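> Next input, structure requested:
(2 chains)
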There are 2 protein chains.
Amino acid sequence: MIVQKYKDMLQGKSVIRQLSEFATKRGSEIGYENVFDYSLGNPSVPTPRQFTDTMIRLLREKDPMELHGYSQSLGIPAVREKVAASLNKRFGMSYTGGHIFMTTGAAGAIAHAVRCVSEPGDEILTFAPYFPEYGPYINLTGATLKVVPADTEGFQINFEVFEEMLTRKVAAVLINTPNNPSGIVYSSETLQRLAGIMTKKAEEYGHDIFLISDEPYREIVFAGVESPYPSKFYDNTLSCYSFSKSLSLPGERIGYVAVNPACTDAEFITAMCSQISRGTGHNCPPSIIQLAVAQVLDLTADLSVYERNMNMLYEELTKLGFSCVKPGGTFYIFPKALEEDAVAFCEKAKKYDLVVVPSNTFGVNGYVRLAYCIDTEKVERSLEAFRKFVKNEY
Amino acid sequence: MIVQKYKDMLQGKSVIRQLSEFATKRGSEIGYENVFDYSLGNPSVPTPRQFTDTMIRLLREKDPMELHGYSQSLGIPAVREKVAASLNKRFGMSYTGGHIFMTTGAAGAIAHAVRCVSEPGDEILTFAPYFPEYGPYINLTGATLKVVPADTEGFQINFEVFEEMLTRKVAAVLINTPNNPSGIVYSSETLQRLAGIMTKKAEEYGHDIFLISDEPYREIVFAGVESPYPSKFYDNTLSCYSFSKSLSLPGERIGYVAVNPACTDAEFITAMCSQISRGTGHNCPPSIIQLAVAQVLDLTADLSVYERNMNMLYEELTKLGFSCVKPGGTFYIFPKALEEDAVAFCEKAKKYDLVVVPSNTFGVNGYVRLAYCIDTEKVERSLEAFRKFVKNEY
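This is a model prediction of the structure:
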């Protein structure tokens, strides 16, 4: 019989998707260049030329049997070693290739990390505001996602409530820094305090509590901001990465899990992930993409446009009276709406062809998310629309 | 806590993998060209030149933002439409793009098809001899794989036992034709009878029973053999395909689920698969591979070597006294061992540098599998080793 659970899921339509569809429709009426579409978090800069060149070179020069042959389900050994070496150099870690499990993007990484450290019925904690896909990502593994309410002061962590919610049932804590949707980077102090509480509770309960660190925006950090590597603060950390944003390759589905070498059972975890992948049907990312990414590990697309856009928006929005924590990275900004009801606020904004996402979808009320991964020229033109919107409506 | 279930799985080591490792080790002693390694089912012919050319053209000519951008989680619409059109033309079906869900190979296809039509606790039936990965593929979804004993006459279906085992608890039946490991193709008569029994039982029980048809060897069918398309025989069929063998792209992980348009809830199933993929972390195969494969859908690698190798082996092995059902496709042959204990038989064969897999691993005793996806020249030389083996040992 058709499984009703999945059929029921078809009813819900994501708010972000609806807004994006509105923007496309409106674009067909007035020209898409005139719609200030801040709905979707898709990279807006091309992959570096070196990635394309490497792909072409592999296709031209490498024996196709080897190039397109089965990789081990953990990933290609030489690729895993290069990822480990790159992380060690950047963050002073001591990964070997054995600690790296190659995945189809961050979604694949989280699907395996969560299954490794939680049984159905366990709880996974995350912090508002949070990426709404965490709901289905976690809940469909059989574990339950619980959301710690936001620290609306600075979008770091609401530690009082966190400590209350970190009960015996919690198998893992899922963080996302730099953060979608707030753009905030967790400080060393935040990560230290988080680690301290998790260590204390794990001792109290007599079982491990894992940190699953989702880091697709790791490379998009703005001038003067320090973005500490979470795994440095807590041994039982599984870092989940995606090259989607850093290399502008969201469609190519490539990322990894990096297991802290000091983690419990560190020597088994990647091999366990490859057992899990037999059930998820994952079986490693494509060989050619693994091989090409390994050649450009320390490169990124030209990410400077995001900082330029952020500065422009931050300056103008605060000038217009928005209260806003300044983003430290990503391509999101998360100002407070000018009225309590963010949904109503976003609805009004549409009249000015401003498409922004109400924060309810991220687990907190009263804010809006702007995904400013769009052309700077368009950001600039949108400022006039914001001025009109605020002047006429508030 | 680390999940013990997956840690425990690390204990078991696949017999095929062990034999392959033996072959590699022995190869380092006497030269790999002198080891007759029939252990692994990896394609031995390169991908068609047109696939490589298409990849290079896409990389050179297509806007990288579009080429590497997010595809819908169901797959790229134009790709899905092309797959549908190709299947319609070949098999007289009436798929639309909406019936096609693009996956990371057949493993990804099965992971989604099974979750669509079975709840944890349900049973899935398959037929010996069977691909041993079906065990973890199915059991890790929460359903239970049950194996119908082999029809050792012709490796079609043991219908008497099948009918007994097709109880109320069975949600789906999983078939694999052309078959790994037997090389046998299910006849129209077999598929007709299978469909008849399933229809009758579904009516009796008042619930759907799905056919999941795993078809990675669909394109490797030998002269004079008719290989009927299973979905033609039974409406509630989900066809799972991989391009690994037909295009010699096992490392690139690309395939699909094709939902019979007359299937129950056919209009929802691919969308349900994309909901399931949020939990499995699948989120569609890489864009560039989807786009490239769509350009070469009706091509294959030069598969003729497999038939040449099969004929050579079949002739010599039967001459040497092996009883063997002649393969209709794939790159496997499945003769009866010359003694009851196939494990002992394969152990003895190793002394002649013949590496063949005992059938226990495929759910039936007393046979051996040869994966003859190796150079014809090597197959030829192996015949002498078989002659010596049989002469001296039996």
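
> What ranges does chain A have for its strands?
For chain A, the strands defined by DSSP state E cover A:36-37, A:100-103, A:123-127, A:144-148, A:170-176, A:210-214, A:237-242, A:255-259, A:332-333, A:354-355, A:357-358, A:368-371.

> To B:Glu204, which of those strands lies closest?
Closest to B:Glu204 of the strands of chain A, according to Cβ to Cβ: strand A:144-148, at 38.1 Å. Quick note: C-beta positions are derived from backbone N, CA and C, even for glycine.

> Does the closest one reach chain B?
No: Strand A:144-148 stays clear of chain B (Cβ under 8 Å from any Cβ of the partner chain), getting no nearer than 11.7 Å.

> Parallel or antiparallel, which strands does that strand pair with?
strand A:123-127 (parallel) (DSSP bridges).

> Any chance you could list what contacts the partner strand?
Strand A:123-127 is touched from outside by A:114, A:118, A:134, A:138, A:143-148, A:150-151, A:157-158, A:162, A:165-167, A:169-176, A:212, with contacts defined as Cβ atoms under 8 Å, 6 or more residues apart in numbering or on different chains.

> now do 6 Å
The contact list for strand A:123-127 (Cβ atoms under 6 Å, 6 or more residues apart in numbering or on different chains) reads A:134, A:138, A:143-148, A:157, A:165, A:169-170, A:172-174.

> what angle separates it from strand A:210-214?
Compare the direction of strand A:123-127 with that of strand A:210-214 by axes from the mean of the first three to the mean of the last three Cα atoms, to 10 degrees and you get 50 degrees.

> near chain B, which residues of the stretch 101-250 of chain A show up?
Taking Cβ under 6 Å from any Cβ of the partner chain, the part of the stretch 101-250 of chain A that reaches chain B is made up of A:107-108, A:111, A:136, A:140, A:207-208, A:249-250.

> From those, which land in helices?
A:107-108, A:111, A:136 (DSSP state H).

> Quick check: the farthest pair among those residues?
Going by Cβ to Cβ, the pair spanning those furthest: A:Gly108 and A:Pro136, at 14.1 Å.

> Same drill for those two, tell me which one is more crowded.
Using other Cβ atoms under 10 Å in any protein chain shown as the criterion, A:Gly108 and A:Pro136 rank with A:Gly108 on top: 30 against 18.

> how about low-confidence regions in the stretch 201-350 of chain A?
Within the stretch 201-350 of chain A, no stretch has pLDDT under 70.

> what about the helices in it?
For the stretch 201-350 of chain A, the helices defined by DSSP state H, counting those that start in this stretch occupy A:266-280, A:287-295, A:304-319, A:342-350.

> The first one versus strand A:237-242: what angle between them?
The directions of helix A:266-280 and strand A:237-242 differ by 50 degrees, with the same axes, to 10 degrees as the criterion.

> quick one on the thing from earlier: can you tell me which of the ones in helices among the residues of the stretch 101-250 of chain A next to chain B is nearest A:Glu203?
A:Glu203 has its nearest neighbour among these in A:Ala111, at 29.0 Å by Cβ to Cβ.

> quick revisit: to B:Glu377, which of the helices of the stretch 201-350 of chain A lies closest?
helix A:287-295 (26.6 Å).

> what helices or strands is that closest one leaning on?
Packed against helix A:287-295 by the contact rule (3 or more Cβ pairs under 6 Å, 6 or more residues apart in numbering or on different chains; DSSP states H and E) you find helix A:49-61, helix A:77-91.
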